[in-house]
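# Fold the following for me, if possible:
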Amino acid sequence: NKIIHPPSLPKGFDLPTTDFEDLRKEYVRPLIELNDRVNFLTATETKINSTRIVVAGDQSHGKTSLLEALSGVDLPRGEGIVTRVPLILQLRGVKEGEKESATIMASPGANNGIEEAIGISQISDKIKETTDRIAGTGKDVQNKPITVKIFRKNQDDLILVDLPGITRVALEDQAGGTTKS
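Numbers count the residues shown, from 1 in each chain. Take a look at the predicted model:
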């Protein structure tokens, strides 16, 4: 096996010695925060596109489990339809010495866009509570997203989106479904 060495720099040309992580946090983080704000303001806009990892598919086929594995965050789980509103997880790293934390915010029409500070261990319960407030306690699905920002140590900046599952026939207690009398 032959070892390939990168070409050497011209004489007198020095690369900056600044740590890449410092550059990323100083220059890239403000752009990511701006992107998050644009995403929030254009959540229902179809002409503006930004990069996200989105899971879509049939109901109860592992979309939420996949996002749990990717994010390391406990999300609501159960029988039947659990994800009834889009869930946007904004994963963010914290600087050394900063406290790990989380916030949750319902879409502007559902909660006046008020961001609530929550503990990381409360994320699953707060998502369920907010979903029930937006979509009711039945099985209805709403297009009013919940945004959860999670700030943790050693976390890469990433946006994950969990969409409600596709159902072929409306479920009982769901708009368009039949109800028992």
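
# Tell me which other helices or strands the helix or strand containing residue 127 touches.
Element membership for residue 127 (DSSP states H and E) is helix 123-135. With contacts taken as 3 or more Cβ pairs under 8 Å, 6 or more residues apart in numbering; DSSP states H and E, helix 123-135 sits against strand 101-106, helix 108-111, strand 146-152. C-beta coordinates here come from the backbone N, C-alpha and C atoms, glycine included.

# Which one, of these, ends up nearest to residue 163?
Nearest of the helices and strands packed on helix 123-135 to residue 163, taken as Cβ to Cβ: strand 146-152 at 11.9 Å.

# the inter-axis angle of the next helix-or-strand element following that closest one versus helix 123-135?
Counting by DSSP H and E, the next helix or strand C-terminal to strand 146-152 is strand 158-162. Orientation check (axes from the mean of the first three to the mean of the last three Cα atoms, to 10 degrees): strand 158-162 against helix 123-135 gives 50 degrees.

# So for strand 158-162, mean pLDDT?
Model confidence over strand 158-162, given as mean pLDDT, is 87.

# Show me the strands paired with that strand, marking each as parallel or antiparallel.
Here strand 158-162 is paired, per DSSP bridges, with strand 53-55 (parallel), strand 87-93 (antiparallel).
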